[in-house]
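Student: Could you look at this predicted model? Sequence included:
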Amino acid sequence: SHTKKTTYIDNKSACSVALASRNRKTMCNSSTTAHIVDTDAGNFSDDFWALALQLCDPKIDLKLVVTSGFETKLKTKVLAKFLTHCGRGDVSIACGIHTHECLYLFPDEDGLLQQHERYEEGCVSNPILRRWAQDYDLSQYKGKIFGIDSDDVKSHGLDEVKTLINSTPNVTYVLQGSSENIGLMLDDDPDLFRRNGVRIVCMGGTLEKEHEYNFGLDPVNTRRMLAASDDVTVVPIEPSFHAQLHGVEHFDESKDPNPRHSSYSVYLNGDSQISMAMAQLQLALANYGTHKEVADGRTDIMFDAVATLVATYRRKDLYIIKDVVATISDSGRIIPSQENKDGAISFSVMTDWASTHAADEFKYLAAKSVAAGTLIEFGHS
């Protein structure tokens with residue numbers, strides 16, 4: 001767990017808490033929960049781990065996947081190829097709005113890739129999976145794809161997303177990238193998410209660092225997203241630093257045979273179609289990008305997969321959620337605030353894992369589930 005703790009002000013209005021509680025009760029009592037995933041998948045494996053876990057979960061009805069960020073039409077190809085390889089080419093895809101990003105990514109001091117204007121040694125293409133997906137024939141995709149018929153870079157499929165939200169009460173919207181798609185939908189219909197009881201779970205923001213990629217990329221629409229619904233949960237980067245699969249390079253299995261301590265090997269030995277798709281995708285990311293650790297028995301950090309854990313309501317005993325009132329800095333920092341301060345927003349935050357072993361339990365659950373192609377739960381639900 002983290003050594004530094006942040007104290008938050010628990011001050012949500014009674015009506016907001018009552019509505020959120022009612023929505024949660026409705027969803028938990030139904031046989032399946034409808035999900036929309038909004039993802040900038042194309043540069044890291046965590047977006048795909050998050051998708052894989054939702055594909056494995058029989059209680060999740062994945063209605064639609066929406067692309068976000070730079071070159072969303074190319075990212076539509078990335079998702080279509082991945083979903084096909086997973087055996088789920090039936091899942092609908094909507095092309096999100098094309099945003100301006102740099103052509104290159106460059107690792108910062110923590111090894112995390114950041115936007116970079118000009119090429120220099122160490123840069124990689126943005127998105128990294130450009131060459132992996134560029135020749136995929138979208139006409140062969142079995143499911144529906146919205147917003148790619150026009151050559152106009154400004155075209156998108158967000159009208160279909162709004163139609164789905166309006167026709168699917170209490171849908172869970174899992175945001176794995178920045179908030180520009182939500183911002184555009186709010187421009188057209190400011191009450192879209194609140195009116196339909198949408199639960200938003202997003203990966204983004206930082207409690208302790210000065211910058212976070214997803215929130216910092218579009219801070220204005222991030223603030224609008226956080227205020228768009230009465231049920232918003234944020235998974236910041238800090239808890240996710242503990243979510244990285246490790247294998248035999250880091251544990252002596254002869255001395256420590258507990259498979260929870262070698263989660264990467266559990267995943268790598270999987271037989272499911274989803275695990276095979278993940279293995280190829282990680283190899284492509286290693287070859288075209290900077291994440292070479294997959295050859296050393298590790299994944300990159302599974303930020304979005306942690307958000308998926310929270311979004312699915314699985315294993316709520318593993319993590320801590322707190323209600324907060326905070327402002328969001330332009331660089332993506334979550335700053336505790338008084339409720340009456342200008343710009344203060346009420347939402348929930350995953351602040352930490354519940355114990356020193358909780359992250360290991362999650363990693364083993366993720367590895368075992370993807371290896372088997374269906375959700376494998378351990379301990380308490």
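Tutor: Thanks, I have the structure now. If you're wondering where the values come from, they're calculated on a predicted model, not measured in any experiment.

Student: what are the ranges of the strands in the stretch 201-350 of the chain?
Tutor: 231-235, 319-328, 334-336, 345-353 (DSSP state E, counting those that start in this stretch).

Student: Only the buried residues of the third one, if you could.
Tutor: Same thing as strand 334-336. Going by neighbour count (16 or more other CB atoms under 10 Å), the buried part of strand 334-336 is Ile334. Glycine gets a C-beta too; all of them are placed from N, C-alpha and C.

Student: For it, name the packing helices and strands.
Tutor: Packing partners of strand 334-336 (3 or more CB pairs under 8 Å, 6 or more residues apart in numbering; DSSP states H and E): strand 319-328.

Student: So what's the residue count around the spatially closest residue to Phe347 that is not a sequence neighbour?
Tutor: Distance criterion CB to CB, 6 or more residues apart in numbering; nearest residue to Phe347, sequence neighbours excluded, is Val232 at 4.2 Å. Using other CB atoms under 10 Å, Val232 is surrounded by 24 other residues.

Student: What distance do you get for Val232 to Glu361?
Tutor: 26 Å (CB to CB, to the nearest Å).

Student: One more: Asn214?
Tutor: Going from Asn214 to Glu361 by CB to CB gives 25 Å.

Student: out of the two, which sits in the more crowded spot?
Tutor: It is Asn214, of Asn214 and Glu361, that has more neighbours when counted by other CB under 10 Å, with 25 against 19.

Student: what pLDDT does that one get?
Tutor: Reading off the confidence values, Asn214 has pLDDT 94.

Student: what's the answer for Gln338, then?
Tutor: At Gln338, pLDDT is 84.

Student: thought the residue nearest to Phe347 was touching Ile328?
Tutor: No - between Val232 and Ile328 there is no contact under CB atoms under 8 Å: 12.0 Å.

Student: list residues touching both of these two?
Tutor: Here Val232 and Ile328 have Leu226 as joint contacts, going by CB atoms under 8 Å, 6 or more residues apart in numbering.

Student: on that earlier part again, so what's the residue nearest to Phe347 up against?
Tutor: The contact partners of Val232, by CB under 8 Å, 6+ apart, come to 199-202, 225-226, 347-348.

Student: can you redo those as TSV with pLDDT, distance to Asp159 and neighbour count?
Tutor: Supplementary listing: the contacts of Val232 in TSV, determined by pLDDT from 0 to 100; distance: CB to CB, whole Å; neighbours: other CB atoms under 10 Å:
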residue	pLDDT	distance to Asp159	neighbour count
Arg199	98	22	23
Ile200	98	19	25
Val201	98	23	24
Cys202	98	22	29
Met225	98	19	31
Leu226	98	24	24
Phe347	98	27	24
Ser348	98	30	20
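
Student: For the chain, give me the ranges with low pLDDT.
Tutor: For the chain, the stretches flagged by pLDDT under 70 are 1-30, 153, 247-261, 290, 378-381.

Student: Swap in 50 and give it another go.
Tutor: For the chain, the stretches flagged by pLDDT under 50 are 1-29, 249-251, 381.

Student: mind listing the helices for it?
Tutor: Assigned by DSSP state H, the chain shows helices spanning 14-29, 46-56, 72-85, 130-133, 158-167, 180-188, 192-195, 213-217, 219-226, 237-240, 263-268, 273-288, 303-311, 358-372.
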